[in-house]
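Undergrad: Structural data only, the sequence is not supplied:
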């Protein structure tokens, strides 16, 4: 029978991190940062009090899947339209092109071995970190806020697709990967149409409403069936499991259309399960696994941290210049800083990259450290700049009703 001592320490850290931050509300620090740092300190790198055994490993893998599922769940498809969609999509394409160029430059300097993989990691944005910042600044419904959210959404989606398409574990041919990816999307469309059709049944709707707030929690159970089903399908096709998880969340967004009327607490329940149970285990475990020795083993490895941080700022910040026709210069700069904030995808991507032999332990540690610094520095600097910006020049627009998951 497995022991649960390591898991106890991990979940205790997951509980303590936000509690500690709760005593310092003025400290605008995401709990994920404290979870990772605590994992590093308590893990083999420093104190050696906790190790990754089977229970920790299982819950950590589930935590990663749930993290990507909830990221897909945050996609607001009704906001992705018109000029906002065009700018966000064009911005990410430009960002990825810059990322590849930066990756090639890093390879030429002998800092990385796989430039395209590093480019994928640099092209993501931590949307989950930015949404609270935008809300606190009163910018969530402004044109500026919508642009940042749309850009972050496209970046997350594009990075997950690129990672799965270019660096799957089993499928080797690019043509094969494209076909498998198309097959996965075709299955998603078929399931979406099927569920949408079945939902027209009044009897089914009434049954769901009757069971959703009982011990059955039927909608939550259904969401996890969808999540595990797509993760299993992606893994079977030789694609990355994170793509299946992300796609499951995005699909749920599209097919669940009357959330406000019949199940307003559904997303809160999913977030409670995800952020309350599984996701903290993933981040603390990522800290436990963090190779601090690889980071501090040489000055050249430590020097990669500021280089990768600047690379993040260049890759995700420069495309914000496309927003100049719509925003003033200060908000363009803030958008660039916000888009350059990235951590969860870097943590997940480097873990996958090390399994596939795409990134060294030192580079992976430096990338995660750069992501940590981006979360520590860029949102705080963004809030400071926004406070000095006064009222937004653009007129806030009414929020478009979100597609229900």
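TA: That came through, no problem. No experiment lies behind these values; they were computed from the predicted model shown.

Undergrad: what's the closest non-adjacent residue to residue 84?
TA: residue 150 (4.9 Å; Cβ to Cβ, 6 or more residues apart in numbering). The C-beta positions use only the backbone N, C-alpha and C, and glycine is treated the same way.

Undergrad: How many residues are close by residue 4?
TA: Close neighbours of residue 4, defined as other Cβ atoms under 10 Å, add up to 13.

Undergrad: before we move on, what about residue 218?
TA: For residue 218, using other Cβ under 10 Å, the count is 17.

Undergrad: what's the pLDDT at it?
TA: On pLDDT, residue 218 comes in at 89.

Undergrad: Quick check: it vs residue 212, distance?
TA: 6 Å (Cβ to Cβ, to the nearest Å).

Undergrad: hmm, back to that, which other helices and strands contact the helix or strand where the residue nearest to residue 84 lies?
TA: Assigning secondary structure by DSSP states H and E places residue 150 in helix 143-166. In terms of contacts (3 or more Cβ pairs under 8 Å, 6 or more residues apart in numbering; DSSP states H and E), helix 143-166 is packed against helix 82-108, helix 115-122, helix 127-136, helix 174-198, helix 241-255, helix 329-339, helix 344-355.

Undergrad: now these as JSON lines including mean neighbour count, mean pLDDT and distance to residue 143?
TA: Below are the helices and strands packed on helix 143-166 laid out as JSON lines (neighbours: other Cβ atoms under 10 Å; pLDDT from 0 to 100; distance: least, Cβ to Cβ, whole Å):
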{"stretch": "helix 82-108", "mean neighbour count": "18", "mean pLDDT": "89", "distance to residue 143": "8"}
{"stretch": "helix 115-122", "mean neighbour count": "26", "mean pLDDT": "92", "distance to residue 143": "26"}
{"stretch": "helix 127-136", "mean neighbour count": "19", "mean pLDDT": "70", "distance to residue 143": "12"}
{"stretch": "helix 174-198", "mean neighbour count": "14", "mean pLDDT": "74", "distance to residue 143": "30"}
{"stretch": "helix 241-255", "mean neighbour count": "25", "mean pLDDT": "83", "distance to residue 143": "22"}
{"stretch": "helix 329-339", "mean neighbour count": "22", "mean pLDDT": "89", "distance to residue 143": "9"}
{"stretch": "helix 344-355", "mean neighbour count": "22", "mean pLDDT": "85", "distance to residue 143": "26"}
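
Undergrad: Relative to residue 9, which of these is closest?
TA: Ranking those by proximity to residue 9 (Cβ to Cβ) places helix 344-355 first, at 19.3 Å.

Undergrad: Could you pull up the mean pLDDT of the helix or strand just after the closest one?
TA: Per DSSP H and E, the first helix or strand lying C-terminal to helix 344-355 is helix 361-387. Confidence over helix 361-387 (mean pLDDT, whole number) is 86.

Undergrad: neighbouring contacts of the helix or strand encompassing residue 13?
TA: Applying DSSP H and E as the criterion places residue 13 in helix 5-22. Under the contact criterion Cβ atoms under 8 Å, 6 or more residues apart in numbering, helix 5-22 has outside partners 27, 29, 31, 34-35, 38-39, 42, 49-53, 55-56, 59, 280-281, 283-285, 288.

Undergrad: With residue 139 as the reference, measure out to the residue nearest to residue 84.
TA: 13 Å.

Undergrad: for residue 355, same thing?
TA: 39 Å.

Undergrad: and if you look at residue 51?
TA: 43 Å.

Undergrad: More neighbours: which of these two?
TA: Between residue 51 and residue 139, counted using other Cβ under 10 Å, residue 139 has the larger neighbour count: 23 against 14.

Undergrad: quick one: secondary structure of that one?
TA: Three-state call for residue 139 (DSSP: H, G, I helix; E, B strand; the rest coil): coil.

Undergrad: residue contacts, residue 307?
TA: 106, 111.

Undergrad: Look up how far residue 243 lies from it.
TA: Applying Cβ to Cβ, the value for residue 307 to residue 243 is 29 Å.

Undergrad: quick one on the thing from earlier: quick check: pLDDT value at the residue nearest to residue 84.
TA: So, for residue 150, pLDDT stands at 83.

Undergrad: What degree of burial does it show, as a neighbour count?
TA: Residues near residue 150, counting by other Cβ under 10 Å, number 25.

Undergrad: That one and residue 88 touch, don't they?
TA: Yes. With contact defined as Cβ atoms under 8 Å, residue 150 reaches residue 88; the gap is 3.9 Å.

Undergrad: what kind of secondary structure is residue 216 in?
TA: Following three-state DSSP, residue 216 is assigned to coil.

Undergrad: Next, work out how far apart it and residue 207 are.
TA: 10 Å.

Undergrad: Can you work out which residues contact both of these two?
TA: Residues touching both residue 216 and residue 207 (Cβ under 8 Å, 6+ apart): there are none.

Undergrad: Leaving out chain neighbours, which residue sits closest to residue 3?
TA: Nearest to residue 3 is residue 53, by Cβ to Cβ, 6+ apart, at 7.1 Å.

Undergrad: er, residue 296 actually
TA: Counting by Cβ to Cβ, 6+ apart, the nearest residue to residue 296 once its immediate chain neighbours are dropped is residue 302, at 6.6 Å.

Undergrad: Specify the angle between the helix or strand containing that neighbour and helix 115-122 in degrees.
TA: Assigned by DSSP H and E, residue 302 belongs to helix 299-317. Here helix 299-317 runs at an angle of 60 degrees relative to helix 115-122 (axes from the mean of the first three to the mean of the last three Cα atoms, to 10 degrees).
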